[in-house]
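Undergrad: Fold the following, please.
(2 chains)
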Amino acid sequence: RKEVEQDPGPFNVPEGATVAFNCTYSNSASQSFFWYRQDCRKEPKLLMSVYSSGNEDGRFTAQLNRASQYISLLIRDSKLSDSATYLCVVNRGSTLGRLYFGRGTQLTVWP
Amino acid sequence: DGGITQSPKYLFRKEGQNVTLSCEQNLNHDAMYWYRQDPGQGLRLIYYSQIVNDFQKGDIAEGYSVSREKKESFPLTVTSAQKNPTAFYLCATEGAGARETQYFGPGTRLLVL
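TA: Sure thing, here's the model as predicted:
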């Protein structure tokens, strides 16, 4: 079983739509969780960390369910500029630990 | 200008040739990582280093070598033993702290001639 599994996608949505991505992780000891965004042929960039109580950053909302080992990312009012691949990332939690990356979910927002 | 630099942006390798990818950082981060990304695949860890003069194999270290002689630098050599080197190579750094995340350089695309 892979450490991190994501919705395969791709997701194609119109501008203004709300879209949700899901991710599951296999290690119950994992302590830190992130969503990264990767544009075509570019490096991944941190979008947001995911906290136990859930957190929001503008149009983006991240949720964590430790019992189900499930992470989600909700994007409201999608913009053309949101088109990218979204990577679910899990850290083992040890100091200077290792990240495990999902394969990513591709999002295309069309006008 | 702070950050992580990788060079070259594109690299061509001939059969039987060793090539070295550069990664430099001025973020004063202790840990550095090398990942490989293939189309449609997640990032896979090649090597990582948590301190100068020390490094550890990741999940796919065969055919690769690294050194960490300076905190700022973590070069990756793709040896002739790596039979399928064509990929996007990403270097990342991580500072201290349990919730610290990793930051990536712009990457090097390696192609085999």
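
Undergrad: isn't residue B:44 right next to residue B:33, touching?
TA: No - Residue B:44 lies out of contact with residue B:33 (CB atoms under 8 Å); the separation is 10.9 Å. Every C-beta, even on glycine, is put in place using the N, C-alpha and C of the backbone.

Undergrad: Return every residue with contacts to both of the two.
TA: residue B:58 (CB atoms under 8 Å, 6 or more residues apart in numbering or on different chains).

Undergrad: Who has more neighbours out of those two?
TA: A direct count of neighbours by other CB atoms under 10 Å in any protein chain shown for residue B:44 and residue B:33 places residue B:33 higher, at 25 against 16.

Undergrad: partners of the more buried one in the sheet?
TA: Applying DSSP bridges to residue B:33 gives these bridge partners: residue B:48, residue B:92.

Undergrad: List the residues that contact it.
TA: Applying CB under 8 Å, 6+ apart, we find residue B:33 in contact with A:98-99, B:45, B:47-49, B:58, B:91-94, B:102.

Undergrad: how close does residue A:33 get to residue A:74?
TA: To residue A:74, residue A:33 is 15 Å away according to CB to CB, to the nearest Å.

Undergrad: next one: residue B:12
TA: In terms of CB to CB, residue B:12 sits 42 Å off from residue A:74.

Undergrad: of the two, who's got more company?
TA: Set side by side, residue B:12 and residue A:74 show more neighbours around residue A:74, with 15 against 12, by other CB under 10 Å.

Undergrad: That one belongs to a strand?
TA: Yes - Residue A:74: assigned to a strand according to DSSP: H, G, I helix; E, B strand; the rest coil.

Undergrad: Let me know the secondary structure of the closest residue in space to it that isn't next to it in sequence.
TA: In space, and not counting its chain neighbours, residue A:74 is closest to residue A:61: 4.4 Å by CB to CB, 6 or more residues apart in numbering or on different chains. Taking three-state DSSP as the rule, one finds residue A:61 in the strand state.

Undergrad: hey, what's residue A:61 bridged with?
TA: Assessed by DSSP bridges, residue A:61 has beta-bridge partners residue A:56, residue A:74.

Undergrad: try residue B:44
TA: Taking DSSP bridges as the rule, residue B:44 bridges to residue B:36.

Undergrad: Can you name the next helix or strand after the lowest-mean-pLDDT helix or strand in chain A?
TA: One helix or strand of chain A scores below all others by mean pLDDT, DSSP states H and E: strand A:99-101, with a mean of 88. Downstream of strand A:99-101, the next assigned helix or strand under DSSP states H and E is strand A:105-110.

Undergrad: For chain A, what lies in contact range of chain B?
TA: Selection of chain A residues close to chain B by CB under 8 Å from any CB of the partner chain yields A:4, A:31-32, A:34, A:41-46, A:49, A:87, A:89, A:91, A:93-99, A:101-104.
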